[in-house]
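Q: With the sequence up front, the predicted model follows.
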Amino acid sequence: MSALGGGGGALRNASTALAISSTESFAGTPSCHTKRVRRPPGSFYWLHAVTPAPPLDTTTLKQLVFVSDYAESMIPPEIGPPKSSSQSPRSPSGAPFLSISVTDPVKLGNGVQAYISYRVITKTNLPEFQGPEKIVIRRYSDFVWLHDKLADKYKGIFIPPLPEKSAVEKFRFSAEFIEMRRQALDIFVNRIASHPELKQSEDLKTFLEEDEEAMERIRSFETGIFKKPADLLQMFKDVQTKVTDVVLGKEKPVEETDPEYEKLKHYIFGLEDHLTETQKQAVRLVKRHRELGQSLSEFGKAIKLLGACEGDSLGKVFAELGSKSELLSIKLQKEAHNLLMNFEEPLKDYVRCVQSIKDSFSHRANAFRLHCELTETTKLKEINLEKLNLMRSDKTREAEIEYRELKAESEEATRRFETIIKRMNEEIVRFQEQKTAEMGLAFHLFAKGQAKLANDIADAWRSVLTKIEAYSLSSGHD
Amino acid sequence: MRGRNATPAIPDPTIPPRSRARPRDRRCILASATLILSSSPPEGHGGNAAMMGSEVAFGFDSPPETEEMESLALSDAPPTVSSLPAAISASSDGDLFISPPSALHFPLSSTASGDGGDPAPSTASSFLDPPSYADIVFSPFDSQNGDDDNGADNGSMLRRDSSPRSTRAARSDYLKISVSDPNKEQETVNSLVPGGGTYFTYLITSQMRFGSAANGDGESEPVEFSVRRRFRDVVTLADRLAEGYRGFCIPPRPDKSVVESQVMQKNEFVEQRRSALEKYLWRLAEHPVIGMSDELRVFLQAKGKLPLPTTTDVASRMLDGAVRLPKQLFGEGAAAQVAPQEVVQPAKGGRDLLRIFKELKQAVTIEWGGVKPLLVEEDKEFLAKKEKMQDLELQLSTASQQAEALVNAQQDVGETMGEMGLAFIKLAKFETDQGIYNSQRIRATDTKNVATAAVKASRLYRELNAQTVKHLDTLHEYLGLMLAVNNAFSERASALLTVQTLMSDLTTLNIRIDKLEAASSKIFGGDRSRLRKVEELRETIKVTEDAKSCAIREYERIKENNRNELDRLDQERKDDFLSMLKGFVINQVGYSEKVANVWATVAEETSSYARGNS
């Protein structure tokens, strides 16, 4: 492989190789979807083959220690097929389980300071946890903390999405909003707890077990000190990249050109559009149910009054129709609520999940850019080093150290990038299966609710019909 | 009963011919598959009959059929949700919205249904609807009434549903009245308003039960009459009836709505007016008295231009109407017994403005002066009825408003359901196109099933709504009729006022005579001029007495008319309300059951997901 010829060219070759291999593996999938789509390990082989592994010096080592700890947590314990979410590990008593419930939302504080706190109950038999049951009080921002930590550490994994930050101020403390959020938060933690990698996260344990004060401390410490510098660092890096781009005369930041990945991106963006539209219609449907309920109740009242004008037994038939209308109005309101919780909310969650996938796209893009830059710089250094070697310059040693550091860094970047790719390939399968199950359930509940509503309507009117017929007979009509 | 099935047989106009023009054999497969679907409850998820049914219907799996999915998503479903009104006006679906007689020999409806392709009921259904549903869509919910025993010999007339009305129609002199073939014509006098120079004429065809008396051929073959009339002629007819039939509840005519004609789609407007006219004429024909009137007969049967004189503006109409009264007062024949030739002749002559002023003065005296008139409304029963009617009017107006809101809300649910179904169809299509994983395919299938159900439910909602509109329309109709009742009441009041005016005139005259006599008695031998004056006054009194007794007779007649009309209305209203409630409820039950079935199927198909959970 004449990869040494030119960085850019080799790079493009590599991504083509990746493209081909992943196409092959994708081609096989439809028939056996449970089988993991795994990229053949040879895709990036040329990078390793080009340079023999250099001895590590201390600074690099330190870096590596930090990174490897980070990297280790990323590597899944079993590289088998991911468990499909339908066979969840709750059933047998002996099997390890971790189940969490978010309950009892309570409004605390006043005015602008007011917030909702939740009781988070953990039940588990996992040895890593302190005991079989633990109850902590958490608020929304704690959930945000957990989410951000995971998003930062597990790049490439589709972190379960959180419910929206805040609704319109007016509805912030409405019972419906609180309940919807509670349900969404419950789903959020349980998704993490059932995710093969995320469930092993230290942050999850912290979140589930630390007492309130400790949690508060950790959260403020990290949002205050840890998080901001990370952002700054990233910003600094971005600026640096841009400067380098300009210096090296590159017109645009490098993007992956893998057609399979392009297709995925295209799919996800398209999916988001379709889902947003669908969810919008679902919201409207909820609203329409409420409006119909409202109209029915008013219609019922008007019909009752009209019946009062008629007097006699026909008036009673009117009254019956009126009161059934009012009864149905209540049923419609109930169904509207069910629709909101069991159908609209899962759809909204679907949209959120898709957005979380989009987040991982940007992580992947960043990792890819870093990987490319470092690979290229390493190559330049290598050429430089060879030159120095030829000249037998004094700087050779210094340059070699620099080169090795860079090389290690570059390899690390490559590994991170590859990890992200690997994770995403696993995640997308998990995502599809999970969504099939979740939407299936949502569809089921929707259909069941609609069927029940329609049956209730039919029953209510049928009872009026018997009254009408009785009246027809008694008044000797026709 | 058979005849009624003609309505469901009309193919859904929202389905483009393309999707209908599929090979017949596939339709058979579909039919059998969906029949299985409707007969045996599907168990679980696998490739059972239900799945198969929808597979075939959508053509999801086999590539050549994907274009059908396309046609469903792109061309079929959009009109479902968006262009309801267009569909109504463009086709005989209009029947659903307009209650009574529109199914009668309405040429538009037959042509509209003709262009749809297959007229056979079994094949004309949309491919979303299982055939087993299609032919019970409209008929069963009304036919359960089952009590329209009023003679199948009336032929086409029995296509009209809602039983009390049809019984009433059976009593009418007219066998058939239809308004059709709206035709645009140019005004001979050019109007300054753009587009104002044109108007529509309608072909009005009618048939009397017994040979028309005007034809003089006794009880022979019913003769059919066809005349062309424009809306202005209808206004004239209505005015003539209002003048001629005081105290009756004359069915109100459709509004003139000038603005709407410019805002609305021309075709839609014309169709609405056409059906409104037909309905109006039927209502007139059903009226026990007006139905037999010469005015109506002239309107329906006189060839050429309408001989009933046109009145151009309100002021002259008022005067014109006022003119007729002195004639009645002086015994020139009562208004209720206008001979046919008089109807045909335009009324001419002087204008008794004086009388109007007199009566106005009388009214003011009674109202403000606190003078107790000699004759007052004493009919307690009538007063109670009147009050009841006013109460009824109030409740009717609220109820009809609420009914409208309900219909709108129901419509919205249906439409949103349809739009959501459409969004799901697109989603399913997208997932299928982009599908890589098996789980994705399963989800796409589930999505598509829900989408199909949503679209089906949306159609059912729409049909239900059409029926609901039809039934609850009774409320609107009676609200309109209240106007007629009020008119009848005010005719009574004004007749009373006439009597009162004449009576107070008489009193004045008598006082003057007394005074004159007293004055002349003081002069021996009498005052010649005064005596002459007294003679004149006596003459006037005599005439006025005649007028008074005439007016009282008129008043009594109006009272009688009022009472008869109220009794008639009470009975009719009870019948109509009962049939409204019945129709409304039966349709709600029927369609809700169908909607429930649609969703129950989906719930069953997806039940495997629920087991894993909960």
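A: Thanks, I have the structure now.

Q: So for the helix or strand encompassing B:Leu237, mean pLDDT?
A: If you go by DSSP states H and E, B:Leu237 is part of helix B:231-244. Summarised as a single mean, pLDDT over helix B:231-244 is 84.

Q: ok, now stretch B:594-609?
A: Here stretch B:594-609 scores 90 as its mean pLDDT.

Q: Is it positioned near chain A?
A: Yes: Stretch B:594-609 lies within reach of chain A by C-beta under 8 Å from any C-beta of the partner chain, at B:595-603, B:606-609. No exception for glycine: its C-beta is placed from N, CA and C like everyone else's.

Q: After the helix or strand where B:Lys385 lies, which helix or strand is next?
A: Assigned by DSSP H and E, B:Lys385 belongs to helix B:380-434. Note on helix B:380-434: by DSSP H and E, the next helix or strand toward the C-terminus is helix B:438-522.

Q: which other helices and strands contact the helix holding B:Lys385?
A: With contacts defined as 3 or more C-beta pairs under 8 Å, 6 or more residues apart in numbering or on different chains; DSSP states H and E, the packing partners of helix B:380-434 are helix A:259-310, helix B:77-82, helix B:438-522, helix B:528-605.

Q: Among those, which comes closest to A:Asp459?
A: Nearest to A:Asp459 among these is helix B:528-605 (8.5 Å), distances taken as C-beta to C-beta.

Q: What count of nearby residues applies to the closest residue to A:Val102 other than its chain neighbours?
A: Once flanking residues are discounted, A:Val102 sits nearest to A:Asp186: 4.1 Å by C-beta to C-beta, 6 or more residues apart in numbering or on different chains. Residues within reach of A:Asp186, counting by other C-beta atoms under 10 Å in any protein chain shown, total 16.

Q: who's in contact with A:Asp186?
A: Applying C-beta atoms under 8 Å, 6 or more residues apart in numbering or on different chains to A:Asp186 gives the contacts A:100-103.

Q: With A:Arg119 as the reference, measure out to it.
A: Distance of A:Asp186 to A:Arg119, given as C-beta to C-beta, to the nearest Å: 11 Å.

Q: what residues are shared contacts of those two?
A: A:102-103.

Q: From what I see, B:Gln207 and B:Ser226 are in contact.
A: No: B:Gln207 is beyond contact range of B:Ser226, at 10.0 Å (criterion: C-beta atoms under 8 Å).

Q: strands paired with the longest strand anywhere in chain B, and their directions?
A: As assigned by DSSP state E, the longest strand anywhere in chain B is strand B:174-186. Strand pairing for strand B:174-186, determined by DSSP bridges: strand B:198-208 (antiparallel).

Q: What mean pLDDT does the strand it pairs with get?
A: For strand B:198-208, the mean pLDDT works out to 83.

Q: ok, back up a step: could you tell me the angle between the longest strand of chain B and helix B:231-244?
A: For strand B:174-186 against helix B:231-244, the angle by axes from the mean of the first three to the mean of the last three C-alpha atoms, to 10 degrees is 130 degrees.

Q: how about the CA coordinates for strand B:174-186, as PDB?
A: Taking Å, rounded to 0.1, in the frame of the first residue of the first chain, the C-alpha atoms of strand B:174-186 are listed here in PDB:
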ATOM      1  CA  TYR B 174     -97.000  17.100  -5.700                       C
ATOM      2  CA  LEU B 175     -95.400  13.800  -6.700                       C
ATOM      3  CA  LYS B 176     -92.100  15.300  -7.600                       C
ATOM      4  CA  ILE B 177     -90.400  18.600  -7.600                       C
ATOM      5  CA  SER B 178     -86.800  18.900  -8.700                       C
ATOM      6  CA  VAL B 179     -84.500  21.800  -9.300                       C
ATOM      7  CA  SER B 180     -81.700  21.100 -11.800                       C
ATOM      8  CA  ASP B 181     -79.600  22.300 -14.600                       C
ATOM      9  CA  PRO B 182     -78.400  25.700 -13.400                       C
ATOM     10  CA  ASN B 183     -77.800  27.800 -16.400                       C
ATOM     11  CA  LYS B 184     -75.900  31.100 -16.600                       C
ATOM     12  CA  GLU B 185     -77.600  33.800 -18.400                       C
ATOM     13  CA  GLN B 186     -76.900  37.400 -19.400                       C
END
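
Q: Quick one: mean pLDDT over that strand.
A: Mean pLDDT, computed over strand B:174-186, is 81.

Q: in that strand, what's buried?
A: B:174-182 (16 or more other C-beta atoms under 10 Å in any protein chain shown).

Q: For these, work out which two are farthest apart.
A: Largest separation among these by C-beta to C-beta: B:Leu175 and B:Pro182, giving 22.9 Å.

Q: on contacts alone, who are the packing partners of the helix or strand containing A:Arg397?
A: Assigned by DSSP H and E, A:Arg397 belongs to helix A:396-474. Here helix A:396-474 touches helix A:45-50, helix A:58-74, helix A:312-339, helix A:345-391, helix B:438-522, helix B:528-605, helix B:607-612, going by 3+ C-beta pairs under 8 Å, 6+ apart.

Q: Switch these over to CSV; also include distance to B:Asp379 and mean neighbour count.
A: What follows is the helices and strands packed on helix A:396-474, written out as CSV (distance: least, C-beta to C-beta, whole Å; neighbours: other C-beta atoms under 10 Å in any protein chain shown):
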stretch, distance to B:Asp379, mean neighbour count
helix A:45-50, 108, 14
helix A:58-74, 96, 13
helix A:312-339, 23, 20
helix A:345-391, 65, 19
helix B:438-522, 10, 20
helix B:528-605, 7, 19
helix B:607-612, 68, 15
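
Q: A:Ser410: which of the ones you listed is closest?
A: Using C-beta to C-beta, the helices and strands packed on helix A:396-474 put helix A:345-391 closest to A:Ser410, at 3.6 Å.

Q: so, in contact with chain B or not, the closest one?
A: No: applying C-beta under 8 Å from any C-beta, one finds helix A:345-391 separated from chain B by no less than 9.9 Å.

Q: quick one: that helix to helix A:259-310, angle?
A: Using the same axes, to 10 degrees: helix A:345-391 against helix A:259-310 is 160 degrees.

Q: now helix A:345-391 against helix A:396-474, angle please.
A: Put simply, helix A:345-391 runs at 170 degrees to helix A:396-474, going by the same axes, to 10 degrees.

Q: so what's A:Gly300 closest to, chain neighbours aside?
A: A:Ser325 (3.0 Å).

Q: no wait, A:Val136
A: Spatial nearest neighbour of A:Val136, chain neighbours left out: A:Val120 (5.1 Å); criterion: C-beta to C-beta, 6+ apart.

Q: isn't that neighbour right up against A:Arg139?
A: No: A:Val120 is beyond contact range of A:Arg139, at 10.1 Å (criterion: C-beta under 8 Å).

Q: So for those two, which sits in the more crowded spot?
A: Shown here are A:Val120 and A:Arg139; by other C-beta under 10 Å, A:Val120 has more neighbours (23 against 20).

Q: what's the more buried one in contact with, if anything?
A: Neighbouring residues of A:Val120 by C-beta under 8 Å, 6+ apart: A:100-103, A:135-138, A:189, A:207-208.

Q: rewinding a little: just the pLDDT for the residue nearest to A:Gly300.
A: pLDDT at A:Ser325 comes out at 93.

Q: what does A:Thr257 give?
A: Reported pLDDT for A:Thr257: 79.

Q: How many residues are close by it?
A: 13.

Q: Give me the secondary structure label for it.
A: coil (DSSP: H, G, I helix; E, B strand; the rest coil).
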